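1. The following block contains a protein sequence and its predicted model.
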Amino acid sequence: MFCPFCQAQDTKVIDSRLVGDGSQIRRRRECEVCHARFTTFETADLALPKIIKSDGERQPFNGIKLKGGMLRALEKRPLSVEEVDVVFGSILAEIRQLGEREIASRQLGEIVMRNLKRVDQVAYVRFASVYRDFQDIKEFTEEISSLSKEKPNTPKQKE
């Protein structure tokens with residue numbers, strides 16, 4: 001951290017404490033050159049990136065819109081609310097781990113589809129059909145066929 005007084009690059013932390021609800025850290029620092037002391041506050045930057053739409057427009061990330069699309073794909077599927085929240089949380093975590101300030105909507109859609117495919121293939125096909133704008137039954141058939149090739153169904157055992 002640069003010293004705000006002499007612009008030296010070397011400062012040392014002499015004290016750290018949590019502030020308020022623990023979402024922020026207060027640090028007392030001392031410049032190793034001019035010995036001035038100052039306070040800094042550190043918080044996690046958890047902002048989600050802006051979304052670059054296909055027409056080039058940039059929009060703030062909208063979690064409500066994303067979750068709404070997921071819920072439409074998952075409608076009448078056997079996932080509990082908790083399981084849906086876990087999937088949504090893993091999508092958000094994956095987006096944050098990219099560390100980007102902006103991501104293309106296509107990349108976001110691929111992240112959602114990958115996570116839906118993992119938990120419910122029917123929901124995945126539903127989401128993909130809207131996202132990839134399937135125009136006819138042939139595109140559905142091709143997608144379902146590719147799913148069958150990826151993960152062959154094992155025959156159910158008789159009881």
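-> On my side now, so go ahead.
2. switch to C-alpha atoms for all contacts and neighbour counts from now on
-> Fine.
3. Outside of the least confident helix or strand in the chain by mean pLDDT itself, list whatever touches it.
-> Least confident helix or strand of the chain, by mean pLDDT, DSSP states H and E, is helix 137-150 with a mean of 77. Applying Cα atoms under 8 Å, 6 or more residues apart in numbering, the external contacts of helix 137-150 come out as 121, 125, 129, 134.
4. Among those, the buried ones, what's the ChimeraX command?
-> Only the buried entries of the contacts of helix 137-150 go into this ChimeraX selection, using 16 or more other Cα atoms under 10 Å:
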select :121,125,129
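5. Can you tell me which of the contacts of helix 137-150 end up in helices?
-> Counting by DSSP state H, those place 121, 125, 129 in helices.
6. Now pLDDT and distance to residue 37 too, for the residues you listed, in JSON lines please.
-> Putting the ones in helices among the contacts of helix 137-150 into JSON lines (pLDDT from 0 to 100; distance: Cα to Cα, whole Å) gives the following:
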{"residue": "121", "pLDDT": "90", "distance to residue 37": "58"}
{"residue": "125", "pLDDT": "86", "distance to residue 37": "59"}
{"residue": "129", "pLDDT": "81", "distance to residue 37": "59"}
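7. Tabulate the residues you listed (CSV), appending distance to residue 112.
-> Converted to CSV, the ones in helices among the contacts of helix 137-150 look like this (distance: Cα to Cα, whole Å):
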residue, distance to residue 112
121, 12
125, 12
129, 13
